[in-house]
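> I'd like to go over a predicted model; first the sequence, then the structure.
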Amino acid sequence: MRKFEYKAVPAPATGTKARGLKTTEERFALSLSTLLNEMADEGWEYVRAETLPCDERKGLTGTQTTYQNVLVFKRFLTEAMALTDARASVSAAPEPELAHHASEPVVPRRVTTSPPQPGIVPSLGAARRSD
């Protein structure tokens, strides 16, 4: 099963000034494009924009509802996928046959391993040399 993580960031409220951009729409589009490209470089995929209510304090005892615009992004959880894959491969591995006496029942053993750690290479055993 694929797992995602989500991130919401504030949508740009103003445009970015740049040479050749004269209208507010062009400047705003540049701000939005820049933000989308920065998030894509970090592996985030754009999902959608949301306008959500937010209660803010007004005065000493009052509140006022304002609306905030956010952009929602998602990306795959690679660690969760690796952990899920490791667990699936361990549980799907066939159990080894055990030597037993005819009068004793066969009790299957469960083999458990810890998930692989990035950057750590497991030791397969050192060959010993006798001189």
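Now that the structure is in, tell me what you want to look at.

> what's the nearest residue to Arg57 if we skip its chain neighbours?
Spatially, and ignoring its direct neighbours in sequence, Arg57 is nearest to Thr63 (6.1 Å; CB to CB, 6 or more residues apart in numbering). Using the backbone N, CA and C atoms, a C-beta is placed for each residue, glycine as well.

> isn't there a strand covering that neighbour?
Yes - per DSSP: H, G, I helix; E, B strand; the rest coil, Thr63 lies within a strand segment.

> unless I'm mixing things up, it is touching Cys54, no?
No - taking contacts as CB atoms under 8 Å, Thr63 lies outside contact range of Cys54: 10.1 Å.

> Identify the contacts common to those two.
Both Thr63 and Cys54 lack any common contacting residue under the criterion CB atoms under 8 Å, 6 or more residues apart in numbering.

> Please, where are all the helices along the chain?
24-41, 78-92 (DSSP state H).

> Mean pLDDT lowest where, among those?
Ranked by mean pLDDT, these bottom out at helix 78-92, which scores a mean of 58.

> how much space between Ala13 and Met39?
17 Å (CB to CB, to the nearest Å).

> what about those two, which has more around it?
Neighbour tally, Ala13 and Met39, criterion other CB atoms under 10 Å: the higher count belongs to Met39, 17 against 9.

> and the more buried one, what is it in contact with?
Neighbour list for Met39: Lys7, Val9, Tyr46, Leu71, Phe73 [criterion: CB under 8 Å, 6+ apart].

> Now distance to Leu32 and pLDDT too, for those, in TSV please.
Formatted as TSV, these follow (distance: CB to CB, whole Å; pLDDT from 0 to 100):
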residue	distance to Leu32	pLDDT
Lys7	16	95
Val9	11	96
Tyr46	10	96
Leu71	8	96
Phe73	13	97
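
> could those residues be laid out in TSV, adding neighbour count?
Formatted as TSV, the contacts of Met39 follow (neighbours: other CB atoms under 10 Å):
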residue	neighbour count
Lys7	14
Val9	13
Tyr46	13
Leu71	20
Phe73	22
